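K.L.:
Curious how this folds, go ahead:
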Amino acid sequence: DFCLSRGLGDVYKRQIPNSSDLTLGTSNFCIEGWWYFTNNTTGYQVLASHGGDTADQQNGWVLLTETNNTLYFYATDSASGWDVALGGAQVPSTNGWHHIAVTRSGNVFRLFYNGTQVNTQTVSVNIALPNSREFRLGSYRYIPGYPQSFNGFIQDFRMYIGAAKYTSNFTPPTAIELIS
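P.N.:
Just a heads-up that it's a prediction; the model follows:
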C-alpha cells in the first residue's frame, strides 16, 4: 500500500509513473481518502485514476464525480467500455471533508461515501492497463469531453492492493489529522 497526503491550503494533483505495484488486476483492493470540494458545479472532477489517453480512453480505472455531481467508480480490462460502473446517489457538498472509498473483495465491488455503502456490483474483471499509463491523484489524462481535474483538497489518500478494507458500512474517523 502507499499513502499520499497534503495539508489544507494546497490544491494537490499528483502523477506517479506506471508501475506493476499499482496494477489492481484481479486482486482485492481498497482505494480511499478524504476529499474537500471547493466547487461541485464544474462538471467532471477526478478524485484518482490510473489509465486513459487519446487512443484508448477507457482503460484502467477512475474514481470521479460526473457532471451531475454523483460519485462514480469505473474500471475495465480493455478499451472497449467500462466493465465496472458503480454510481452513487451522493452529491458531495462543498466546504467540508468527505471520506470516499471503493473496494473489491473477490468479484464484488463496493462504493462508500462517508462510511455508507452506496452501490455494489459483482463482475469478474482483470483491471489491467494496455499501455504504460501513470497513476494520477486529482486528475485524468485530458480528453475533450471527458473527466477533468479535481477542485479542492485531498488528505490521507491510501490504496491497499491485496486487501478489501471495507465490505460493509463503517464509521470513518470523526476528524482527520490535517498536516500543516
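
K.L.:
all contacts plus neighbour counts: C-alpha atoms, from now on.
P.N.:
Fine.

K.L.:
neighbours around Val91, how many?
P.N.:
14 (other C-alpha atoms under 10 Å).

K.L.:
Could you list the low-confidence segments of this structure?
P.N.:
Low-confidence segments of the chain, defined by pLDDT under 70, are located at 1-22, 41-43, 50, 52-59, 78-80, 89, 129-136, 138-147, 174-180.

K.L.:
mind redoing it with 80?
P.N.:
By pLDDT under 80, the low-scoring segments of the chain are 1-24, 39-60, 67-69, 77-82, 89-92, 128-151, 173-180.

K.L.:
What values do phi and psi take at Phe157?
P.N.:
Torsion angles at Phe157 (phi, psi; degrees, to the nearest 10) stand at phi -70, psi 130.

K.L.:
let's have the chain start at 228 instead
P.N.:
New numbering, starting at 228: the last item is Phe384.

K.L.:
Not counting residues beside it along the chain, what's closest to it?
P.N.:
In space, and not counting its chain neighbours, Phe384 is closest to Gly260: 4.1 Å by C-alpha to C-alpha, 6 or more residues apart in numbering.

K.L.:
where do the strands sit along the chain?
P.N.:
For the chain, applying DSSP state E gives strands covering 229-231, 241-243, 256-264, 272-277, 287-292, 298-303, 311-314, 324-332, 335-340, 343-349, 362-364, 379-388.

K.L.:
can you redo those as a markdown table with mean neighbour count?
P.N.:
Putting the strands of the chain into a markdown table (neighbours: other C-alpha atoms under 10 Å) gives the following:
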| stretch | mean neighbour count |
| --- | --- |
| strand 229-231 | 12 |
| strand 241-243 | 13 |
| strand 256-264 | 23 |
| strand 272-277 | 27 |
| strand 287-292 | 27 |
| strand 298-303 | 23 |
| strand 311-314 | 20 |
| strand 324-332 | 23 |
| strand 335-340 | 23 |
| strand 343-349 | 17 |
| strand 362-364 | 23 |
| strand 379-388 | 22 |
